[in-house]
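Undergrad: Got a predicted structure plus its sequence, pasted below:
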Amino acid sequence: MNNSNIPCVHPTIKKCLLHLDILGADDKIKQIVYMYMEALKKEIEKE
């Protein structure tokens with residue numbers, strides 16, 4: 001997966017996406033996981 005086109009991705013999210021890639025997850029799964037992790041990150045940053 002090419003993460004260079006995703007600006008400012010948290011290192012933990014990058015690592016998760018890399019592991020999903022290693023496990024052979026398809027792009028839809030990666031997109032869903034990324035969306036939930038970004039939502040969680042934004043929620044934590046609000047606090």
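TA: Alright, I've got the coordinates.
Undergrad: Need the single longest helix in the chain, by residues.
TA: Using DSSP state H, we find that the single longest helix of the chain is helix 27-46.
Undergrad: Counting by contacts, list what that helix packs against.
TA: The contact analysis (3 or more Cβ pairs under 8 Å, 6 or more residues apart in numbering; DSSP states H and E) places helix 27-46 against helix 11-23. Every residue, glycine included, has its C-beta placed from N, CA and C.
Undergrad: Check the chain and tell me which residue is nearest its centre.
TA: Taking Cα atoms, centre = their mean, the centroid of the chain lies closest to Tyr34, which sits 3.4 Å from it.
Undergrad: how about it, what does it touch?
TA: If a contact means Cβ atoms under 8 Å, 6 or more residues apart in numbering, then Tyr34 has Ile13, Leu17 as its contacts.
Undergrad: Against Ile22, how distant is it?
TA: From Tyr34 across to Ile22, the span is 15 Å (Cβ to Cβ, to the nearest Å).
Undergrad: so where's this protein uncertain?
TA: Filtered on pLDDT under 70, the chain yields the residue ranges 1-7.
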